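> mind folding the following:
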Amino acid sequence: MLCFISFVKCLNVYGINVSPLHILGITPPVMTAEVPSAPPAFDVNMYGYEGTTVGDRKYFPPPPDSLPYRESEPMPAQTNWNIPAISEDEAKEAFIEYAASKCCYSKALARDLVFQDLLTLNTYRYYLETFTESRSSIWKTIPYRGEPVDSAMYGAAPSPWDMRVEVPEIFKDNIVRIKVPHTSTVKGCPICGCSGRRPCTQCHCLKKKQCQVCNGTGSQFTNQKCSSCSGTGTMRCNACSGLGTTACTDCGGTGKLLTYIELQVKWKNNIFEYVVDERTGFPTELFKAVKGKKLFVDEQYLVMNYLWYKKEGLPHGRIKKSNLNAYIYLFF
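Residues are numbered from 1 along each chain as shown. Here you go, the predicted model:
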C-alpha cells in the first residue's frame, strides 16, 4: 500500500495525469457536465388557463352566473324555546354527577355543599360552517410511456369551472385532481438529453466501485486474496448493474415527458365558533364542550344574517360583530 501511494505521487511530480484508477486497470470516462434539473417550457398563455405555471397553483374565481341567489330560497322557520332556571337541588345533583365521573374527586364536598347564592345565566354559542369550493391549475409532468396524447388538436380545453366534478359529502374536506382534456403534449426530456439514461451517481460511469471488504487493496487478513473481489480491489457497481448509467428518474428511462394541465378541485369546511362572554369570570372556552340546546339551524347555499331572528334576550349586536369577524378570519 505504501509503494502504491509513492508511485502515484511520483507520476504526479513528472506531470503525468494519472489517477489511481489507471493503476487498477480502469479507464475513467470523460464526464460531461450534468444538465441541471429544470422543467420543460410550458404554454403559460393557454386559453382559459392563462398564468398557469409549474410551481404555484393558479386559482380561478367562479363565474358570477354560477352563484346562487338568496331570494330564491325559503326562509327558515323560527323555533320557540324556553330555557328553564336551575334549582339548587338540580345544581347539586349535577355537581355530584360530575364528581362521580372523576376517579380522584370526592362526592362528599358536593353532597355537603351549601349555596349562598345561585346565579342563573344563559350563554350562546354561534357556530358558523362555510363549505367552499375552489379550483386551481398547475402544469404536471410525467414519463411518457406511449399512451394516446390528448392534445389541442382534438379541441379547445374546457374552462376550469366547466369541468364536471361530482360533489362529495358536504361539510367535509376533500380534494380531487383531474387531467384537463386537450392540454397534453409530448416533449423530449431535457435532463437526460432524450437518452433515458443518466450517469450513475455511485460509480460516476466507472461501472466498478472500490471493494468494501478489502478497501481496494485486493487482500485481506494475512495477505490472502480478497474473496469478495478476487484480488482486483474493485467490484461491479450494484447501483447501475455495471452499466455506468441508470435510468433517468424524470422520464422513467423513456427519454420523453408527457405534460398536461392538472385541475385541482378543493372543498374545505371553514369553521368559526363564537361563545358570548357574559363577563361572569367563567372561562368561555369551557362552554365549547357543552352540548346545550340547539335554538335554530339554518343550512342554505347562502344563509341570511342572524339578525333575521328577532328573539328577545339574544345578544344580536355581539353575534353580528362575530359574524363579520368570522369572514375576515376565514377568508382574508
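> so who does the closest residue to Arg145 other than its chain neighbours touch?
Nearest non-adjacent residue to Arg145, counting by Cβ to Cβ, 6 or more residues apart in numbering: Thr254, 6.1 Å away. All C-beta atoms are positioned from the backbone trio N, CA, C, and that covers glycine. Each residue near Thr254 by Cβ atoms under 8 Å, 6 or more residues apart in numbering is listed here: Pro143, Tyr144, Arg145, Cys189, Gly196.
> now render these as a markdown table, adding distance to Pro84, secondary structure and pLDDT.
Putting the contacts of Thr254 into a markdown table (distance: Cβ to Cβ, whole Å; DSSP: H, G, I helix; E, B strand; the rest coil; pLDDT from 0 to 100) gives the following:
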| residue | distance to Pro84 | secondary structure | pLDDT |
| --- | --- | --- | --- |
| Pro143 | 69 | strand | 95 |
| Tyr144 | 71 | coil | 95 |
| Arg145 | 71 | coil | 93 |
| Cys189 | 74 | coil | 92 |
| Gly196 | 78 | coil | 93 |
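> for those, name the two members farthest from one another.
Taking Cβ to Cβ as the measure, the contacts of Thr254 span a maximum distance of 12.6 Å, between Arg145 and Cys189.
> more neighbours: which of those two?
Cys189 (24 against 11; other Cβ atoms under 10 Å).
> rewinding a little: from Thr183, how far off is the residue nearest to Arg145?
Thr254 sits 20 Å away from Thr183, going by Cβ to Cβ, to the nearest Å.
> ok, now Ala156?
For Ala156, the distance to Thr183 - Cβ to Cβ - is 10 Å.
> how about Asp56?
Taking Cβ to Cβ, one finds Asp56 at 18 Å from Thr183.
> quick one: which of these two has more around it?
Thr183 (26 against 10).
> does the more buried one touch Gly155 like I think?
No - using Cβ atoms under 8 Å, Thr183 is not in contact with Gly155, being 10.6 Å away.
> out of the contacts of Thr254, who's nearest Lys102?
Closest approach between the contacts of Thr254 and Lys102, by Cβ to Cβ: Pro143, at 60.0 Å.
> count of residues packed around the residue lying closest to the closest one once chain neighbours are set aside?
Leaving aside its sequence neighbours, Pro143 sits nearest to Gly252 (Cβ to Cβ, 6+ apart; 3.3 Å). When neighbours are defined as other Cβ under 10 Å, Gly252 has 16 of them.
> just Thr234 next, same as before
Thr234, neighbours per other Cβ under 10 Å, totals 21.
> over to the closest residue to it other than its chain neighbours: give its phi and psi.
Closest residue to Thr234 apart from its sequence neighbours, by Cβ to Cβ, 6+ apart: Lys208 at 4.2 Å. In terms of degrees, to the nearest 10, the main-chain angles of Lys208 are phi -130, psi 160.
> quick check, Lys208 in contact with Arg236.
Yes - under the criterion of Cβ under 8 Å, Lys208 makes contact with Arg236 at 6.1 Å.
> now for the two: what residues contact both?
Gly242.
> how about the helices of the stretch 1-150 of the chain, start to end?
Along the stretch 1-150 of the chain, counting by DSSP state H, counting those that start in this stretch, helices occupy 2-13, 20-23, 88-100, 108-111.
> quick check: mean pLDDT of the longest one?
This means helix 88-100. Averaged across helix 88-100, pLDDT comes to 86.
> list of residues touching that helix?
Ile86, Tyr105, Ser106, Lys107, Leu109, Ala110, Arg111, Leu113, Phe115, Leu118.
> remind me which residues of the stretch 51-200 of the chain are low pLDDT?
For the stretch 51-200 of the chain, the stretches with pLDDT under 70 are 67-83.
> go with 90
51-132, 152, 167 (pLDDT under 90).
> can you pull out the strands in the stretch 1-150 of the chain?
Counting by DSSP state E, counting those that start in this stretch, the stretch 1-150 of the chain has strands at residues 58-60, 125-143.
> let's have those in JSON lines, adding distance to Gly216 and mean neighbour count.
Shown next, in JSON lines, are these (distance: least, Cβ to Cβ, whole Å; neighbours: other Cβ atoms under 10 Å):
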{"stretch": "strand 58-60", "distance to Gly216": "54", "mean neighbour count": "16"}
{"stretch": "strand 125-143", "distance to Gly216": "37", "mean neighbour count": "16"}
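> got the ones you listed as CSV, with distance to Asn45 columns?
Shown next, in CSV, are the strands of the stretch 1-150 of the chain (distance: least, Cβ to Cβ, whole Å):
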stretch, distance to Asn45
strand 58-60, 12
strand 125-143, 12
